[in-house]
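S.K.: structure for this input, please:
(chains A, B, C, D, E and F)
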Protein chains: 4
Amino acid sequence: MAKTQTRAAHKAGNARDIILAAARVEFAEKGFNGARVDSIAARSGLNKQLVYYYFGSKDDLYRVTLEEAYSEIRLREKDLDLRSLPPQDAIVRLIDFSLSYLAQHREFIRMLADENALGGPHVRESEAFQRTNSPLIEMIGATLREGEAQGVFRKGIDPLNLYISIAGMTFFYFANGITMSAIFGRDLSTPEALAVYRDHIVALTLAGLRP
Amino acid sequence: MAKTQTRAAHKAGNARDIILAAARVEFAEKGFNGARVDSIAARSGLNKQLVYYYFGSKDDLYRVTLEEAYSEIRLREKDLDLRSLPPQDAIVRLIDFSLSYLAQHREFIRMLADENALGGPHVRESEAFQRTNSPLIEMIGATLREGEAQGVFRKGIDPLNLYISIAGMTFFYFANGITMSAIFGRDLSTPEALAVYRDHIVALTLAGLRP
Amino acid sequence: MAKTQTRAAHKAGNARDIILAAARVEFAEKGFNGARVDSIAARSGLNKQLVYYYFGSKDDLYRVTLEEAYSEIRLREKDLDLRSLPPQDAIVRLIDFSLSYLAQHREFIRMLADENALGGPHVRESEAFQRTNSPLIEMIGATLREGEAQGVFRKGIDPLNLYISIAGMTFFYFANGITMSAIFGRDLSTPEALAVYRDHIVALTLAGLRP
Amino acid sequence: MAKTQTRAAHKAGNARDIILAAARVEFAEKGFNGARVDSIAARSGLNKQLVYYYFGSKDDLYRVTLEEAYSEIRLREKDLDLRSLPPQDAIVRLIDFSLSYLAQHREFIRMLADENALGGPHVRESEAFQRTNSPLIEMIGATLREGEAQGVFRKGIDPLNLYISIAGMTFFYFANGITMSAIFGRDLSTPEALAVYRDHIVALTLAGLRP
DNA sequence: AATGAATGAGTATTCATTCAT
DNA sequence: GATGAATGAATACTCATTCAT
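M.R.: Predicted structure coming up:
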């Protein structure tokens, strides 16, 4: 439903959703502390007080923005439908989904990094985070069991740990690309560099799962 | 030279280094935007104007703090001496080093995440980042070649990409532990959880490198 | 007429009077500047725009609230019927009325103090204040004349000044009890303290009026 | 000492004291809620941030202003030296002091009325209020005892209650003069009206104290 | 090298009031 | 009569930075 609202924002001109969209951009660009409520209002084309009318505070607005971002990715994760694929293809699809989603949603990366760097003050306040749990771990678990059954994956792999390692490899590439490019003197932001890296982690992971 | 001063700080009580140490703590806790120059001065026990006397601005202080943090990890990386180990052991040591260093240097994680989230404004200004290039990629490259020679690693693995994937798996675990714990309802901050995860990525990586 | 509406408020649920009752509570608790139109609306259970519909502005609402408060005390003063009592009893009744009315109508004290502290901006605008003059001075005058005639009061006492001195002694006790309690380290808000003070001013005033 | 600082303000240009003087004027005119920190800064000729540098918050500034006002009146009360006068003269001097001090320090009246109307939030926080207790009650007690000994005052009069009744009669006249003038249609702010009232309360009180 | 005082530009938030229905 | 949405102008307070010594 939150999703629907976000979409509607640009069509129906619903003020709340327009503000939310503006907030997402501002928070992604500047982080929580760097973001300015004034700037969000300006981006939305509405006035600042409406931000408070609808969201109460900068913190609450950030929390809602985070919740929306998560609710969005969760919706996409459901569409993945890993169960319909052969185990190895499912893993590849998972990696590719992760890479492409992050590549296209830099704001998600920044908000996540920011929230964690801040110690998670908004996640802590959020009921939505506690409620909605990701379907992904379940799906990965099914895939791993199927792979074991087919003899293509080794036994004893923990789905959550596998998820974290894949998420880590993909997230880190985008999240810390700036400092890495600076340190190693190699531009990691090109499509070519990304394609090479993608092949690397696909190969590493698939080989790593083999019995 | 900055390094030398840092060492001296704790011995001679050199004001510049005392401030730098205070800044590292403050920046790590609050991020760049959340950090307060007043707070850094208070932590240092010295006065605010000295901060400006020595560092000129909050931005410059942050840049120096980042450089110091990097220069420190680089020093430790040199001590790794991967070349003296059998290839597989070298990879394990690399993973263990990464995990333990990050576990003990949360401030490094936060500063790195923060700097990248902000778009790398301080790294961009830093000459130190350009100058000092990590010895690590070189070391990993040698290890990979040795592994290939010994027939324990497959061919064609890019040392930088391997480094990124290992760094990703380790960094992400600490950096985004807060939101992950919230979403998956599993406390990832316990030593036990970390030990299990460590075994997972060691196994995944070693298997992933096998021919 | 306004009075009639106030009565109706609690019976018929007349919106205007419900708002007025809410306003009295809010203004009494917070003073004019501290009071919030939002808060008055919330207390009334009605919405903010109705406040404007009925009263036009916060200032006007305050003025009407003040007028109501005054019109109420004036009604009670009429009931005093000092003329039917022996002169000394009349003075005692006046003092007791003043004490008990103020004790039960703290909101009247606060609004009065607030209005005067602010320089009387609302009284100045009010026609009602100019129109309705208190019957009290007249009644006190008659009592004083009767007392003189009976030889129990001395001559030449000005009814208004007597009123002011009695009002001062009673009003001040309630109005400034907080700071006095703090300064003199004695709790003046207990019924016992009040009873002792009542006896003091009764004795002082009666003795003070004797020929 | 606080007194000394206030004096110094206008001579030495001590910023803290200049702000304090400006605050007294602003708070007296507008009350706590009506006063504006911007306005205080403007009155002081200094900038707003200095207000926060020296006082921390509007509330704290108000508290200090109140404390200063009280510390000032207390100093003057000490100078009264009632003990050196015949008992009846002492009471007259007390009344005259009270009237003239209040007449000349309207800001004291307003701040006191305001603080009490607000429920005493600043007095409650103030250590200075708890510490410094007025010498007045002691002095009045001595005067009453002397009067009894000389046979000019009756027995059993409580010094605090006498003080409150005198303070009430004098304070109320100034504090609520605006609404009273409006209601009774008589201008109470003229020197003549005040002189008449003064004679009234002197006569009432002295007669009231007679055996 | 060290420090207390001073400041301009901002920063989240509030509030009385109005609009549109 | 009644209401949800919208807004301009403030409002207390903050913060990096500089001045003067």
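S.K.: okay, now the single nearest residue of chain A relative to chain C: neighbour count?
M.R.: Using CB to the nearest CB, A:Y53 is the residue of chain A that sits closest to chain C, at 11.6 Å. (Each C-beta comes from the backbone N, C-alpha and C, glycine too.) By the criterion of other CB atoms under 10 Å in any protein chain shown, A:Y53 has 13 neighbours.
S.K.: give me the distance between it and A:E115.
M.R.: Distance, A:Y53 to A:E115, by CB to CB, to the nearest Å: 25 Å.
S.K.: in contact with A:T170, which residues?
M.R.: A:95, A:98-99, A:102, A:201, B:168 (CB atoms under 8 Å, 6 or more residues apart in numbering or on different chains).
S.K.: now do 10 Å
M.R.: A:94-103, A:109, A:197-198, A:201, B:165, B:168, B:172 (CB atoms under 10 Å, 6 or more residues apart in numbering or on different chains).
S.K.: same check on A:H122?
M.R.: By CB under 10 Å, 6+ apart, the neighbours of A:H122 are A:32, A:59-67, A:111, A:114-115, A:129, B:179.
S.K.: in chain A, which residue is closest to the centre?
M.R.: Against the mean C-alpha coordinate of chain A, by CA atoms, centre = their mean, the closest residue is A:F108 at 5.0 Å.
S.K.: A:S71 is in contact with that one, correct?
M.R.: No. Between A:F108 and A:S71 there is no contact under CB atoms under 10 Å: 11.4 Å.
S.K.: ok, A:L160 touching A:L136?
M.R.: Yes. Counting by CB under 10 Å, A:L136 is a contact partner of A:L160 at 9.3 Å.
S.K.: how is chain A carved up into domains?
M.R.: Chain A resolves into domains spanning A:1-56, A:71-209 when parsed by automatic domain parsing.
S.K.: return the member of these having the minimum mean pLDDT.
M.R.: With a mean of 80, domain A:1-56 has the lowest mean pLDDT of the domains of chain A.
S.K.: break down chain A into its helices, ranges please.
M.R.: Taking DSSP state H to define them, one finds helices in chain A at A:2-12, A:15-34, A:37-44, A:48-55, A:58-80, A:87-104, A:106-117, A:121-125, A:127-131, A:136-150, A:159-175, A:177-184, A:191-209.
S.K.: skipping its backbone neighbours, what lies nearest the most far-flung residue of chain A relative to its centre in space?
M.R.: Distance from the centre of chain A peaks at A:G151, with 31.6 Å (CA atoms, centre = their mean). Closest residue in space to A:G151, ignoring its immediate chain neighbours: A:P211 at 6.6 Å, by CB to CB, 6 or more residues apart in numbering or on different chains.
S.K.: what's the neighbour count on that neighbour?
M.R.: 10.
S.K.: ok, A:T205 next?
M.R.: 23.
S.K.: what of A:G141?
M.R.: Neighbour count of A:G141, defined by other CB under 10 Å: 16.
S.K.: contacting residues around it?
M.R.: A:157-160, A:162-163.
S.K.: for A:A35, grab phi and psi.
M.R.: phi -70, psi 150 (degrees, to the nearest 10).
S.K.: A:L160 and A:L136: which is more packed in?
M.R.: Neighbour count, other CB under 10 Å: between A:L160 and A:L136, A:L136 has more, with 23 against 20.
S.K.: close to DNA strand F: what parts of chain A are there?
M.R.: Taking CB under 7 Å from any atom of the strand as the criterion, chain A approaches DNA strand F at residues A:15, A:46-50, A:53.
S.K.: the closest residue to A:T143 other than its chain neighbours: neighbour count?
M.R.: Nearest residue to A:T143 in three dimensions, chain neighbours excluded: A:A90, at 4.5 Å (CB to CB, 6+ apart). With neighbours defined by other CB under 10 Å, the count for A:A90 comes to 22.
S.K.: returning to what we had before: quick one: the residue farthest from the centre of chain A from C:P87, how far?
M.R.: 114 Å.
S.K.: one more: A:S71?
M.R.: 81 Å.
S.K.: for these two, work out which one has more neighbours and name it.
M.R.: Per other CB under 10 Å, whichever of A:S71 and C:P87 has more neighbours is C:P87, with 22 against 15.
S.K.: what's the PyMOL line that selects buried ones from the contacts of A:H122?
M.R.: For the buried members of the contacts of A:H122, the matching PyMOL selection, counting by 16 or more other CB atoms under 10 Å in any protein chain shown, is:
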select buried, (chain A and resi 32+60+61+62+63+64+65+66+67+111+114+115+129) or (chain B and resi 179)
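S.K.: closest one of the contacts of A:H122 to chain D?
M.R.: A:D59 (21.6 Å).
S.K.: the closest one contacts A:N33, doesn't it?
M.R.: No. A:D59 lies out of contact with A:N33 (CB under 10 Å); the separation is 11.1 Å.
S.K.: mind listing what A:I140 touches?
M.R.: So A:I140 contacts A:80, A:82, A:90-91, A:94, A:134, A:157-163, A:166 (CB under 10 Å, 6+ apart).
S.K.: next, format the residues you listed as JSON lines and append distance to DNA strand E.
M.R.: Output for these, formatted as JSON lines (distance: CB to the nearest atom of the strand, whole Å):
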{"residue": "A:L80", "distance to DNA strand E": "37"}
{"residue": "A:L82", "distance to DNA strand E": "41"}
{"residue": "A:A90", "distance to DNA strand E": "43"}
{"residue": "A:I91", "distance to DNA strand E": "42"}
{"residue": "A:L94", "distance to DNA strand E": "37"}
{"residue": "A:S134", "distance to DNA strand E": "30"}
{"residue": "A:I157", "distance to DNA strand E": "45"}
{"residue": "A:D158", "distance to DNA strand E": "41"}
{"residue": "A:P159", "distance to DNA strand E": "39"}
{"residue": "A:L160", "distance to DNA strand E": "35"}
{"residue": "A:N161", "distance to DNA strand E": "38"}
{"residue": "A:L162", "distance to DNA strand E": "39"}
{"residue": "A:Y163", "distance to DNA strand E": "34"}
{"residue": "A:I166", "distance to DNA strand E": "35"}
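S.K.: closest to D:F184 out of these?
M.R.: A:S134 (75.9 Å; CB to CB).
S.K.: hmm, back to that, let's have the residues of chain A next to DNA strand F in TSV, adding distance to A:T205.
M.R.: Formatted as TSV, the residues of chain A next to DNA strand F follow (distance: CB to CB, whole Å):
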residue	distance to A:T205
A:A15	45
A:L46	46
A:N47	49
A:K48	47
A:Q49	50
A:L50	47
A:Y53	48
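S.K.: just these that are near chain B?
M.R.: When contact is defined as CB under 10 Å from any CB of the partner chain, the residues of chain A next to DNA strand F do not meet chain B at all.
S.K.: A:Q88: how many residues sit nearby?
M.R.: The burial count for A:Q88: 18, using other CB under 10 Å.
S.K.: my error: substitute A:P121 in the last question.
M.R.: A:P121 has 14 nearby residues by other CB under 10 Å.
S.K.: isn't it right up against A:D60?
M.R.: No. Counting by CB under 10 Å, A:P121 sits too far from A:D60 to count as a contact (11.4 Å).
S.K.: anything in contact with each of the two?
M.R.: Between them, A:P121 and A:D60 share no contacting residue, judged by CB under 10 Å, 6+ apart.
S.K.: any residue of stretch A:39-49 touching DNA strand E?
M.R.: Yes. Stretch A:39-49 reaches DNA strand E (CB under 7 Å from any atom of the strand) through A:48-49.
S.K.: ok, now which ones touch the residue nearest to A:D38 when sequence neighbours are not counted?
M.R.: Nearest non-adjacent residue to A:D38, counting by CB to CB, 6+ apart: A:K48, 6.0 Å away. Applying CB under 10 Å, 6+ apart to A:K48 gives the contacts A:19, A:36-42.
S.K.: let's see it at 7 Å
M.R.: Contacts for A:K48 were tallied using CB atoms under 7 Å, 6 or more residues apart in numbering or on different chains; they are A:37-38, A:41.
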